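Q: Pasting a predicted model and its sequence here:
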Amino acid sequence: MSLIVAGFLLFPVFSVMAQPTLPNGTVVFAEWVENSWHHGTIAETCADGYLIVYDDGDTKCCTPTQIVLDALPDQSEVEVGSRVLAQWGMGQFYPGSVSAISDGEYGIAYDDGDRSTVSLAQIRLRGDHDAEGTIGAVPQAGAPVQTTIEPTVDETMTIWR
């Protein structure tokens, strides 16, 4: 639909609904049971979010809050208070928060009360680490996102009086 106002051709604002999802094959950490996160890959979308195929072959449909992208964060994204999965020793990753940063090392206060110091390579950001949940956030599979197309004016039209 277009509108003609005072000789100008105006285009109305439209909303476009997109369906963002993480692509199949995205490598993640996903929560198998409470506080037990394991490495895996997104196979497809499912009723609750994403079907994860864990490295050991097990599968589970996980909600976006149970998934953390396996991506090394940029140093500028990690700050005191950031919600993370951090490696404990040389083993598993567990949820916690960054409690201190000094000389490229990150103090971690794990949710279970333990504490350790890790390098940036041992941290994965969780989507709930900030109020907006924007860094490291996993989108809900099939969740609508609104995009607005701004109105434009076609000034090539000849105006006759």
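A: Sure, I can see it. Numbers count the residues shown, from 1 in each chain.
Q: Okay, helices next: where are they in the protein?
A: In the chain, no helices are defined using DSSP state H.
Q: which one is Val84 nearest to, not counting chain neighbours?
A: The shortest distance from Val84 to any residue other than its chain neighbours is 5.0 Å, reached at Ile123 (C-beta to C-beta, 6 or more residues apart in numbering). Heads up, the C-betas are built off the backbone N, CA and C, glycines and all.
Q: which sections of this protein are below the confidence cut-off?
A: Scanning the chain for pLDDT under 70 picks out 1-20, 128-161.
Q: hang on, the earlier thing: can you name the residues that contact the residue nearest to Val84?
A: If a contact means C-beta atoms under 8 Å, 6 or more residues apart in numbering, then Ile123 has 73, 78, 84-87, 98, 106, 108 as its contacts.
Q: how about those in TSV, adding distance to Thr21 and neighbour count?
A: Listed next are these as TSV, based on distance: C-beta to C-beta, whole Å; neighbours: other C-beta atoms under 10 Å:
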residue	distance to Thr21	neighbour count
Pro73	22	18
Val78	26	18
Val84	24	25
Leu85	21	23
Ala86	27	23
Gln87	28	18
Val98	29	21
Tyr106	31	23
Ile108	30	25
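Q: Among those residues, which lie within strands?
A: Secondary structure from DSSP state E places 84-87, 98, 106, 108 of the contacts of Ile123 in strands.
Q: was I right about Gln66 contacting Glu31?
A: Yes. Between Gln66 and Glu31 there is a contact under C-beta atoms under 8 Å: 4.1 Å.
Q: ok so, going back, which among the ones in strands among the contacts of Ile123 gets closest to Tyr50?
A: Closest to Tyr50 out of the ones in strands among the contacts of Ile123 is Leu85 (16.4 Å), distances taken as C-beta to C-beta.
Q: so what's that closest one up against?
A: Applying C-beta under 8 Å, 6+ apart, the residues near Leu85 are 29, 37, 68, 93-96, 123-124, 126.
Q: got these as TSV, with distance to Lys60 columns?
A: Listed next are the contacts of Leu85 as TSV, based on distance: C-beta to C-beta, whole Å:
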residue	distance to Lys60
Phe29	12
Trp37	12
Val68	14
Phe93	16
Tyr94	18
Pro95	17
Gly96	22
Ile123	24
Arg124	18
Arg126	18
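Q: Thank you kindly, that will do.
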